[in-house]
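Colleague: Attaching a predicted model along with its sequence, questions to come.
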Amino acid sequence: MQKFLRKNAPAYVFLTPWLVGFFLLSIFPILASLYLSFTQYDVVRPPQWVGLENYQYMFEFDYRFWKSLQVTFTFVVVSVPAKLIFALAVAMLLDKGIRAVGWYRALFYLPSILGGSIAVAILWRQLFDYNGVINSVLRFFGGDGPYWLSDPRYSLWTLIVLAVWQFGSPMLIFLAGLRAIPQDLYEAAEIDAAGPVRKFFAITVPLLAPVIFFNLVLQMIEAFKSFSGAFIISGGSGAPLDSLLFFTVYLFNEAFSYFRMGYASALGWVLLVIIAAFTAIAFWTSKYWVHYENERG
Amino acid sequence: MTDATASATDTAIMAAAFREARAKRARRAAFLKHIFLIAASFVMIYPLLWMLASSLKADNEIFGQLGLLPADPQWDNYTQGWNALPVSFTNFFWNSAVVTVLSVIGNVISCSFAAYAFARLEFNGKTFWFALMMMTLMIPYHVVLIPQYLTFLQLGWVNTYLPLVVPRFLASDAFFIFLMIQFFRQLPRELDEAAMIDGCSPFKIYWAIILPLSIPAMATAAIFSFIWTWEDFLGPLVYLNDIQDYTVPLALRMFLSQDSVSEYGQMFAMSVLSILPIILFFVIFQRLIIRGIAMSGMK
């Protein structure tokens, strides 16, 4: 017993703040929100048990729920691959011992660090204004810019561009991954007269697969969770015509504008399940395309 | 004999010419690459430059123009913007500073505790807790937000900074634990073992060995913690209702909800000031930030 204590006591003392936080800020809230998702709760009166009604209503009647899913999925499916492609392309350009690499790296990364700020969200609204910079550029090239912010056909693009603009962090991770690929593989391929495309698909992609996978999972989760940009650019409501109704924005408004805490909790659980499912799918498919070095390939 | 020498010199000349051609091609490729990268960097940075330029422009000059140089720099935008809202920006910056500094302190202390236990100590249930800790990274904040809000409401903490700061002292941001674990693991084990033989307790080892050797990791965590808290919008949006208590992001949003459209210059001026601390941190600590990302692989 004493031995057990001597071994464990110090570790658990160090873990105490985290353990307290884990139970009070993660476990308890998750279970509480599961309970609340089966109730109607407006904060004023005590929660009323309604069974599966919230979920039933959500799936059968709530067209805003389906709309918000559609908006969020479109955002994830378009922005994440685009972001990763930019990140990998630029990382490959910067990889081969180019001069002033530090400067480029810093400049390409800067948007990532500022992209979540309200200042940038506000800036984005003005860039995509009908008389804003984006349309000025389009007109300069003879095009005609649409009403990006008020036309539901185009509004989501403003947020996709905002997300892709922040390709800096996956780029840095790709750079670190590219550095770890042994250079002699490329030299051997050159002797065999392999062209750049061949080298990319035969060497870079397979050896970088773990890093690509890592970035994919991370960016996907981030994209599902993204909130501030859509909230600010849509003026808090998901307008125009719910075309910017991100799942998180819908949830926020249900909870804190209409105080439908029960329904919002149900939405929260759906989000949790969606993210968990997508992560699980990513891990499951990774068996087929991600091979780690210490495995047989 | 002479033939052989001649062909040898020929080969040498050809090889030299070949090498030179290749070097030339490489130089031209590098040159084109630089042109492309410079252009791309400019496109990336242009929105920020445009924000800076607009913060010095008169309102009628901001829209429909791509040029960056203001015809007549309106420094007034800054002084007037500072006082454009019912409460002065002195207040907002002070509020943001208080929340941010406390959060950074909380994060660094509590996360380094947990990370030390996970990276350097042996205990029962370690893999179990570690797995749970990693899973919390995946939980969307929106899911736990509602019960957290209801709890803080019961405690009477809404409209104070406590809901924004106290969780930081409970290692609520598992990302930083993960970052520090990655770093602590790189430190040689022999240090702990030697200290243990000399009779040091785990607490002493944490304080006298691990912490001093982990200044870069602590600094990286502090910097990211600073940036994210400074930019945080959802937390303050939920918990702060009184304009006196607003942090800078909430204040900036008020520019949008105001009906008077003639204040773009001032809005941009305050936007520029709001991201200035982050840009300064980025310039000063760039190296730590970039290494931190490569090491932890996040954000």
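Modeller: Perfect, thanks for sending it.
Colleague: going forward, measure contacts between C-alpha atoms and count neighbours the same way
Modeller: Will do.
Colleague: near chain B, anything from the host helix or strand of A:Trp284?
Modeller: According to DSSP states H and E, A:Trp284 maps onto helix A:261-289. Yes. Contact of helix A:261-289 with chain B (CA under 8 Å from any CA of the partner chain) involves A:Met261, A:Ala264, A:Ser265, A:Gly268, A:Trp269, A:Leu271, A:Leu272, A:Ile275, A:Ala276.
Colleague: Likewise for stretch A:33-44?
Modeller: Yes. Stretch A:33-44 is in contact with chain B by CA under 8 Å from any CA, via A:Ser33, A:Val43.
Colleague: buried set for that stretch?
Modeller: Residues of stretch A:33-44 classed as buried: A:Ser33, A:Leu34, A:Tyr35, A:Leu36, A:Ser37, A:Phe38, A:Thr39, A:Gln40, A:Tyr41, A:Asp42 (neighbour count, 16 or more other CA atoms under 10 Å in any protein chain shown).
Colleague: related to what we said a few turns ago, tell me which of the residues of helix A:261-289 next to chain B is nearest to A:Phe174?
Modeller: Comparing the residues of helix A:261-289 next to chain B against A:Phe174 with CA to CA places A:Ile275 closest, at 23.4 Å.
Colleague: Assess the claim that that closest one and A:Phe224 are in contact.
Modeller: Yes. Between A:Ile275 and A:Phe224 there is a contact under CA atoms under 8 Å: 7.2 Å.
Colleague: okay, now B:Leu150: neighbour count?
Modeller: Per other CA atoms under 10 Å in any protein chain shown, the neighbour tally for B:Leu150 reads 16.
Colleague: ugh, typo on my part, it should be A:Phe213
Modeller: If you count neighbours by other CA under 10 Å, A:Phe213 ends up with 17.
Colleague: List the residues that contact residue 80.
Modeller: Let's take chain A. A:Val80 makes contact with A:Val164, A:Leu216, A:Gln219, A:Met220, A:Ala223 under the criterion CA atoms under 8 Å, 6 or more residues apart in numbering or on different chains.
Colleague: right idea, wrong chain: chain B
Modeller: Counting by CA under 8 Å, 6+ apart, B:Gln80 makes contact with B:Gln266.
Colleague: Could you do the one 4 residues further on as well?
Modeller: Residues touching B:Ala84, when contacts are defined by CA under 8 Å, 6+ apart, comprise B:Gln266.
Colleague: Which helix or strand contains it?
Modeller: Following DSSP H and E, there is no helix or strand that holds B:Ala84.
Colleague: And the pLDDT for it?
Modeller: For B:Ala84, the model assigns a pLDDT of 85.
Colleague: ok, it to B:Ala117 distance?
Modeller: As judged by CA to CA, to the nearest Å, B:Ala84 and B:Ala117 stand 49 Å apart.
Colleague: what do you get for A:Val290?
Modeller: Applying CA to CA, the value for A:Val290 to B:Ala117 is 31 Å.
Colleague: Doesn't B:Phe36 lie inside a helix?
Modeller: Yes. Assessed by DSSP: H, G, I helix; E, B strand; the rest coil, B:Phe36 belongs to a helix.
Colleague: what's near enough to touch it?
Modeller: Counting by CA under 8 Å, 6+ apart, B:Phe36 touches no other residue.
Colleague: Ok, B:Gln286 next?
Modeller: Each residue near B:Gln286 by CA under 8 Å, 6+ apart is listed here: A:Ala106.
Colleague: Looks to me like it is in a strand.
Modeller: No. Counting by three-state DSSP, one finds B:Gln286 to be helix, located in no strand.
Colleague: Show the low-confidence segments of the chain, by residue range.
Modeller: Looking at chain A here, since you left the chain open. Applying pLDDT under 70 to chain A flags the ranges A:293-297.
Colleague: wrong chain, I was asking about chain B
Modeller: In chain B (pLDDT under 70), the answer is B:1-6, B:64, B:258-262, B:296-299.
Colleague: can you list the domains in it?
Modeller: As recorded under automatic domain parsing, the domains making up chain B are B:2-76, B:82-296.
Colleague: Buried deepest among those, which one?
Modeller: domain B:82-296 (a mean of 18; mean count of other CA atoms under 10 Å in any protein chain shown).
Colleague: So which residues of the stretch 101-250 of chain A form helices?
Modeller: Secondary structure of the stretch 101-250 of chain A (DSSP state H, counting those that start in this stretch): helices at A:101-114, A:118-127, A:133-140, A:155-165, A:168-179, A:183-191, A:196-199, A:205-225, A:228-233, A:247-256.
Colleague: Can I get these in CSV including distance to chain B?
Modeller: Putting those into CSV (distance: least, CA to the nearest CA, whole Å) gives the following:
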stretch, distance to chain B
helix A:101-114, 6
helix A:118-127, 5
helix A:133-140, 6
helix A:155-165, 7
helix A:168-179, 5
helix A:183-191, 15
helix A:196-199, 14
helix A:205-225, 6
helix A:228-233, 7
helix A:247-256, 7
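Colleague: could you dump these to a markdown table with distance to B:Ile139?
Modeller: As requested, the helices of the stretch 101-250 of chain A are arranged in a markdown table below (distance: least, CA to CA, whole Å):
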| stretch | distance to B:Ile139 |
| --- | --- |
| helix A:101-114 | 22 |
| helix A:118-127 | 23 |
| helix A:133-140 | 36 |
| helix A:155-165 | 21 |
| helix A:168-179 | 21 |
| helix A:183-191 | 39 |
| helix A:196-199 | 38 |
| helix A:205-225 | 9 |
| helix A:228-233 | 17 |
| helix A:247-256 | 13 |
